[in-house]
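Undergrad: just to be clear, the model below is a prediction. Sequence and coordinates:
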Amino acid sequence: MKLDAALGAWERACVRAGALRFVDLNLRAAGQVMFQDNPLSGLLFLAAIAWAAIDAGTPAILAGTLLGLAAATLTAIWLRADASNLAAGLYGYNGALVGLALPIFLQPSPLLWACVLLGAAASVVGTIWTAAVTRNWGGAALTFPFVVTTWVLLLAGRAFAGLGGQALPPPGPTGAAPTLPLAAADVVVAVLRSVSQVFFLDDTVAALLLLAGLALGSSAAAALALAGALLAVLAAMAMGADGGLIRAGLMGFSPVLTAVALGSVFYAPSARVLTYAAVGTLFTVVLQGAMNAALAPLGIPTLTAPFIFATWLFLLPRRHVAGIVEPADAP
Amino acid sequence: MKLDAALGAWERACVRAGALRFVDLNLRAAGQVMFQDNPLSGLLFLAAIAWAAIDAGTPAILAGTLLGLAAATLTAIWLRADASNLAAGLYGYNGALVGLALPIFLQPSPLLWACVLLGAAASVVGTIWTAAVTRNWGGAALTFPFVVTTWVLLLAGRAFAGLGGQALPPPGPTGAAPTLPLAAADVVVAVLRSVSQVFFLDDTVAALLLLAGLALGSSAAAALALAGALLAVLAAMAMGADGGLIRAGLMGFSPVLTAVALGSVFYAPSARVLTYAAVGTLFTVVLQGAMNAALAPLGIPTLTAPFIFATWLFLLPRRHVAGIVEPADAP
Amino acid sequence: MKLDAALGAWERACVRAGALRFVDLNLRAAGQVMFQDNPLSGLLFLAAIAWAAIDAGTPAILAGTLLGLAAATLTAIWLRADASNLAAGLYGYNGALVGLALPIFLQPSPLLWACVLLGAAASVVGTIWTAAVTRNWGGAALTFPFVVTTWVLLLAGRAFAGLGGQALPPPGPTGAAPTLPLAAADVVVAVLRSVSQVFFLDDTVAALLLLAGLALGSSAAAALALAGALLAVLAAMAMGADGGLIRAGLMGFSPVLTAVALGSVFYAPSARVLTYAAVGTLFTVVLQGAMNAALAPLGIPTLTAPFIFATWLFLLPRRHVAGIVEPADAP
C-alpha cells in the first residue's frame, strides 16, 4: 500500500536524522491521545487542532499543544524513561493535552506558558507513576496524568492572581438541567462534536479530521468512536440531559474514548464483547452527568475523568471474566 | 437441629432444580449485606425490607431490591464470574442495595428501573474490581461498589432531568448541629433503628427481623451488631450529635456494620480483639459525622461509606499486628 | 565529637531504664516529623513547640503534642507493631501532629483530649496501613495518617456540637486572591515562617529552633529546608499568591517538607537530583494553591497534604529513572 510505503520511508528518514526522530516521537504522542501509535494519525490530530485554532481565532491552543508535546518528550528523554514507551509516544500525549487545555481555561501570559512547561514535565512523572500503580490491577495511565495536572493548575488559577482563571465557571451547585428539544440534524452535530471534544474542540471539521486520523490507524477504532458517540448522545437525550451540553458534544466525548478503549484492547470483537463495551459506554454517560454535578462546587471541568474511571472499572474484570480474549499487555 | 435439616433439604432441592438454585443465590446475596452466607438469613432480611415497604407505603423499595438482586446475579452469571463467590452470594448484595437505595432518593419511573439495572450490572463489575484491588492489602469489596454506584447515580440525578432527584437534600454547608435531649426510651429506639438503617429502613420491626436473621446465621454477629449500635448511640450523644439523627439511627448504622465486620473476621474474640473492634467502631462514629459534613456540599448521603473506610483501615493491620489470629482469607 | 558522646551516653542510659527508653521513643518520634531519627533533634523540635506555645499563650498545643506522642507510642506498643520502626519513632510522629493540630482548630475541652487520644491511636493504625499500601509503589506513610485523621476530626467538629469547631473558616468558595507587595525583609520572615509552619507555628524563633534541630541531624536537610522555603516564597510571589498567606509561611511549609524529603532519600545530591527536587518543590507550591481552593467548600485546612501528594508523585519514578542512585529502602 502507498500509505505503508510512505510510513516506511519516514521511518528510514527518522533512523538517519535525530531531529526527524524527535518529530516522529511527538507525532506519535499526539496520536496516542486516541490510542494511535502512528505518526500520520498524530499529524491529522494536530491538523484538527490547528484548524480549530484558526477557525476560532485562538492560536494559543495550538501553541500550547506543541509546547506541551515538546516539553513532555524532552522531560521523558531527560529522565531516561523507558525507551520503548518513549518511542510509542506514551510519555507525550498527557503533556500535549495539558498544553491544549490550559489556554482554553486560563488567560494566555508568560506565566501560563511556564505552567504549561511545569505541567507537561509533571505529567511525565505522573505517567510513570500511574502506569506503575495501575499495572498491578491491569490498568493503564490513560489520560489520568493530564486530568490531575490540569485540575491542579486550574484550581491554582483561583489561588494565584497571575494565572487569572477568568474562563472558568464560578463555583456553585448546578441547578436543575432544562431539557431542550433536539432535532435529527442536532444529533449529527452532537455526535461529531462528541468526537472533537475529545480534544476540547467545539468544531465539526476538526471532528472529521480526527475521524480520518483514527481511521488511518484503525478503522475499527473510528467505527467505535462514532458508535460510542451516537450511543452517548441518544442515552443523554433519553435521560433528559441539558440539550445545550449534548449539542456541544459535552455529554459524549468521554464515552467516545471509553468505546474506543474498551473496543481496542480486545481481540476479535464479538457480540459478547460489544455488549460489554456498550454497558461501559452507557455507564460513562451517567458518570459524565454525575461528575458534572460533583465538580460544580469546585468550578472545574471534568475533562476526560469519566472516561478514565469507567475504563479502569471495566478494564480490570476482563482478566477475571472467562470468554474475553485479550492481547499481550497493552502499554 | 431442625434448622440444619431444613437447610439440608433446601440444598438438596436446589441441586435438583436450577430455578431454586437461582433463588438460593439471591437469598444468600441478600444475607451477605450483613455477611451471612445463608439463605434463611437472606429471607429474613428480605422480610424486613418487605415489612418496612408495606409499613411506609413504599413498595418501590422492595421491587427495587428484588430487581437489583436478580440483575446483579444474572450479570455475574453472564460474566462467568468466579463460581464459589457466586454461590456464596458475593456478587449480588451490592446490586440489591443499589435497587433498595435508588427508589428512596429518586422518583420511581421507567428510567429509574433502567438505572437500577445499569447500576446493578455495574456493581458486579465494581465488586470484581474492588475485590482484586483490595486483596493486595487484605481488604474486601464490602459495600464499596454499591456506595460508589449509588453516589454516581444520585449525582447523575442532578444532571439528568428524567431522573428527578427531588428527595435529595439541597447541596450546601451544614449548620451547627443542635443537641436535643434523648430519654432512655429514645436510646432503645436509636439502637434498633441503627440496625434497620443498615438497609436504609427507619423501622423498629424491621430491625427485629434483621437481628433474627443475623442471629440465625451467627449469634456473635447479632450480639456485635447490638453492642456496636449501643456504643455508637452513646458516643454520638456524648459528642453532641444532632438528636434527630441519633434517634433515626443515622449515626449508628455504619458502626453496626464495622462492629460485625471487625468482630466476625477474627477467631476467638478476646478482650484484646474486642478493644480493637471497639476503637474501630468509635472511629466509625466520628467518621460518620465527618462524612456528613464532607458530603454536604454535594448533597448526597454517606450511605455505608464510613463503615467501608473504617473497616478497611482497621482490617489491614490485623496482618501486621501480633496476637490477633485470623481465619483463612475471607472472600 | 561531644555530641556523639552525649548521644552514646543517652543510648546506654536508655538500655538500662525502660522509662528513659519510652522518652527516647517519643523524642525520636518528634524528630521524625522532619525525618530525623535522633532524640536531640526531637528535643529541639519540642522546644520549638514549647516556645511558640508560651509565646502565643496557647499551652494546649504543647499539651496536645505530648499527649498525642505518648498515646501513639503506647498504641504501637499495645499493637505489638514492628520493633525497628517503633525504635525509630515511625509510629509516633503522626500522633504528635494530631495532638498539635487539634487544639489549634478546635476548642480545648475534655472531649477534645478524648479526640486526641482516639486520633493518635487511629493514626498508628493508619501508619501501618499507609506504609503497607504505599510500599508496593515505593512510597512511605509520610504525614498522610495525620492529615486524614485530622481532617476527619475537624469535619466531625461540624457534626458534633461538643467539639465546637469555631476556629475553622466558614465553608465557601475562595475569592480572587489580592496581591500585596512584599519587601525584602518580608521574604526573610516568610522563609522562616515557612519552616515553622511545618509544625503549624507562626513564629520565627520556633523556626530557628527547628532549623537547629534539623542541622543537628543533617546539615543537608537544614540547607534543603531553607532552599525549599526560599524557592517556594519566590515562586508564590511570582505567581501572585496572596501576600498575607506568603508572609505567614502558609505557601511554603509543604514545599519545605518536599525539598527535604526528595533531597534526603537520594545519595549524593547532584545537579541532576537537585533539578528534579526543585521541580518537585515548585509543583508543591502550585499544589498548595490548588488545594487551598479545592478544600474551601469544606472549610478545612490543607495541613501537609500538598507535600504528601507531591512527594508520593516524585518519589516513585526514582526507581524507574536511570541515573538516580538511592539508598536501601527507607522505612
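TA: Received, thanks.

Undergrad: can you give me the helices in the stretch 201-331 of chain A?
TA: A:204-217, A:219-238, A:243-247, A:253-264, A:271-295, A:305-315 (DSSP state H, counting those that start in this stretch).

Undergrad: other SSEs contacting the shortest one?
TA: Helices and strands in packing contact with helix A:243-247 are listed as helix A:184-196, helix A:219-238; criterion 3 or more C-beta pairs under 8 Å, 6 or more residues apart in numbering or on different chains; DSSP states H and E. For the C-beta atoms, the positions are set from N, CA and C on the backbone; glycine is no exception.

Undergrad: the second one now?
TA: With contacts defined as 3+ C-beta pairs under 8 Å, 6+ apart, the secondary structure elements packing on helix A:219-238 are helix A:184-196, helix A:204-217, helix A:243-247, helix A:253-264, helix A:271-295.

Undergrad: can we see that at 10 Å?
TA: helix A:184-196, helix A:204-217, helix A:243-247, helix A:253-264, helix A:271-295, helix B:110-135 (3 or more C-beta pairs under 10 Å, 6 or more residues apart in numbering or on different chains; DSSP states H and E).

Undergrad: dump the helices of the stretch 201-331 of chain A to JSON lines, plus distance to C:Pro306, mean neighbour count and mean pLDDT.
TA: Shown next, in JSON lines, are the helices of the stretch 201-331 of chain A (distance: least, C-beta to C-beta, whole Å; neighbours: other C-beta atoms under 10 Å in any protein chain shown; pLDDT from 0 to 100):
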{"stretch": "helix A:204-217", "distance to C:Pro306": "36", "mean neighbour count": "22", "mean pLDDT": "96"}
{"stretch": "helix A:219-238", "distance to C:Pro306": "36", "mean neighbour count": "22", "mean pLDDT": "95"}
{"stretch": "helix A:243-247", "distance to C:Pro306": "33", "mean neighbour count": "19", "mean pLDDT": "93"}
{"stretch": "helix A:253-264", "distance to C:Pro306": "28", "mean neighbour count": "28", "mean pLDDT": "92"}
{"stretch": "helix A:271-295", "distance to C:Pro306": "20", "mean neighbour count": "23", "mean pLDDT": "92"}
{"stretch": "helix A:305-315", "distance to C:Pro306": "20", "mean neighbour count": "25", "mean pLDDT": "93"}
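
Undergrad: quick one: low-confidence residue ranges for the stretch 101-250 of chain A.
TA: A:165-181 (pLDDT under 70).

Undergrad: residue in it nearest to chain B?
TA: Residue nearest to chain B within the stretch 101-250 of chain A: A:Gly240 (3.4 Å; C-beta to the nearest C-beta).

Undergrad: relative to B:Ala159, how far out is that residue?
TA: To B:Ala159, A:Gly240 is 9 Å away according to C-beta to C-beta, to the nearest Å.

Undergrad: mind checking which helix or strand A:Ala101 is in?
TA: Taking DSSP states H and E as the definition, one finds A:Ala101 inside helix A:93-105.

Undergrad: hmm, that helix touching chain C?
TA: No. Helix A:93-105 lies out of reach of chain C by C-beta under 10 Å from any C-beta of the partner chain, never closer than 12.0 Å.

Undergrad: A:Gln197 against A:Ile246, yeah?
TA: No. Contact criterion C-beta atoms under 10 Å: A:Gln197 and A:Ile246 do not qualify, at 11.2 Å.

Undergrad: ok so, going back, chain center to the helix holding A:Ala101: distance?
TA: Centroid separation for helix A:93-105 versus its chain: 10 Å, with C-alpha atoms, centre = their mean, to the nearest Å.

Undergrad: the inter-axis angle of it versus helix A:110-135?
TA: 140 degrees (axes from the mean of the first three to the mean of the last three C-alpha atoms, to 10 degrees).

Undergrad: re earlier: shared neighbours, A:Gln197 and A:Ile246?
TA: Common neighbours of A:Gln197 and A:Ile246, using C-beta atoms under 10 Å, 6 or more residues apart in numbering or on different chains, are A:Gly252.

Undergrad: what's the closest non-adjacent residue to A:Gln280?
TA: For the record, residue A:280 is Gly, not Gln. A:Phe314 (4.0 Å; C-beta to C-beta, 6 or more residues apart in numbering or on different chains).

Undergrad: distance of the one you found from B:Ala122?
TA: 9 Å.

Undergrad: could you do A:Thr58 as well?
TA: Using C-beta to C-beta, one gets 38 Å for the distance from A:Thr58 to B:Ala122.

Undergrad: same check, this time on A:Thr150
TA: In terms of C-beta to C-beta, A:Thr150 sits 27 Å off from B:Ala122.

Undergrad: over to A:Asp37?
TA: A:Asp37 sits 30 Å away from B:Ala122, going by C-beta to C-beta.

Undergrad: and these two? Which one has more around it.
TA: Using other C-beta atoms under 10 Å in any protein chain shown, the more surrounded residue of A:Asp37 and B:Ala122 is B:Ala122, with 30 against 16.

Undergrad: list the contacts for that one?
TA: A:279-280, A:282-283, A:286-287, A:310, A:313-314, B:72, B:75, B:94-95, B:98, B:115, B:145, B:148-149, B:152-153.

Undergrad: same thing with A:Gly31?
TA: A:37-46, A:88-89, A:92-93, A:213-214, A:216-217.

Undergrad: quick one on the thing from earlier: my guess is the residue of the stretch 101-250 of chain A closest to chain B contacts B:Leu111. True?
TA: Yes. Here A:Gly240 lies in contact with B:Leu111, judged by C-beta under 10 Å, at a distance of 8.0 Å.

Undergrad: now the common contact residues for those two.
TA: The contact lists of A:Gly240 and B:Leu111 share B:160, B:162-164, where a contact means C-beta under 10 Å, 6+ apart.
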